[in-house]
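Student: Return a 3D structure for these sequence lines:
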Amino acid sequence: MKDTNGIEGLVEIREALVPTITFKFFEVEIDLLFARVNRTKIDDDIGDLTDENILRGCDGESARSLAGARDTNMILRLLPDI
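Tutor: Modelled structure (predicted):
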């Protein structure tokens, strides 16, 4: 990633509760979270992150990393008119 055009200030945050990389991409600040899932292949549409099976084989850091997206998906499912 560090050699990609437009990326500046690439930093790995090791002391974070979840694996995080921060950087600027064409002046837009991005915090990129990482999660390791127990799959041999990840399709473009990974599926429903609220499905508990996505957490099988995940370590604690990966489960915490997925929590934000899982919570957002659940809120959108429960409140579809937002």
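Student: Every contact and neighbour count from this point should use C-alpha atoms.
Tutor: Fine.
Student: Just want the most central residue of the protein.
Tutor: The residue lying closest to the centre of the chain (C-alpha atoms, centre = their mean) is L33, at 4.2 Å.
Student: Provide a list of residues in contact with it.
Tutor: By C-alpha atoms under 8 Å, 6 or more residues apart in numbering, L33 lies in contact with 18-21, 65.
Student: Now flag whichever of the residues you listed is closest to I82.
Tutor: Proximity of those to I82 (C-alpha to C-alpha) peaks at S65, which lies at 23.9 Å.
Student: phi, psi of the closest one?
Tutor: Backbone torsions for S65, taken as degrees, to the nearest 10, come to phi -60, psi -40.
Student: That one is in contact with D31, isn't it?
Tutor: No - counting by C-alpha atoms under 8 Å, S65 stays clear of D31, with 11.7 Å between them.
Student: Compare these two (neighbour count), which wins?
Tutor: Neighbours were counted for S65 and for D31 using other C-alpha atoms under 10 Å; S65 has more, 19 against 13.
Student: now the helices: where do they sit in this protein?
Tutor: Residue ranges of the helices in the chain, as given by DSSP state H, are 60-78.
Student: how's it carved up into domains?
Tutor: Per automatic domain parsing, the structural domains of the chain span 1-34, 37-82.
Student: among the ones you listed, which gets the worst mean confidence?
Tutor: Lowest mean pLDDT within those: domain 37-82, at a mean of 84.
Student: hang on, the earlier thing: now the residue nearest to the centre of the chain, which residues is it bridged with?
Tutor: T20 (DSSP bridges).
Student: quick one: it from A16, how far?
Tutor: Going from L33 to A16 by C-alpha to C-alpha, to the nearest Å gives 10 Å.
Student: biggest separation within the contacts of L33, which pair?
Tutor: I21 and S65, at 12.2 Å, using C-alpha to C-alpha across the contacts of L33.
Student: Distance of the nearest residue to V18 once chain neighbours are set aside relative to T20?
Tutor: The shortest distance from V18 to any non-neighbouring residue, by C-alpha to C-alpha, 6 or more residues apart in numbering, is to E61 (5.0 Å). Distance of E61 to T20, computed by C-alpha to C-alpha: 10 Å.
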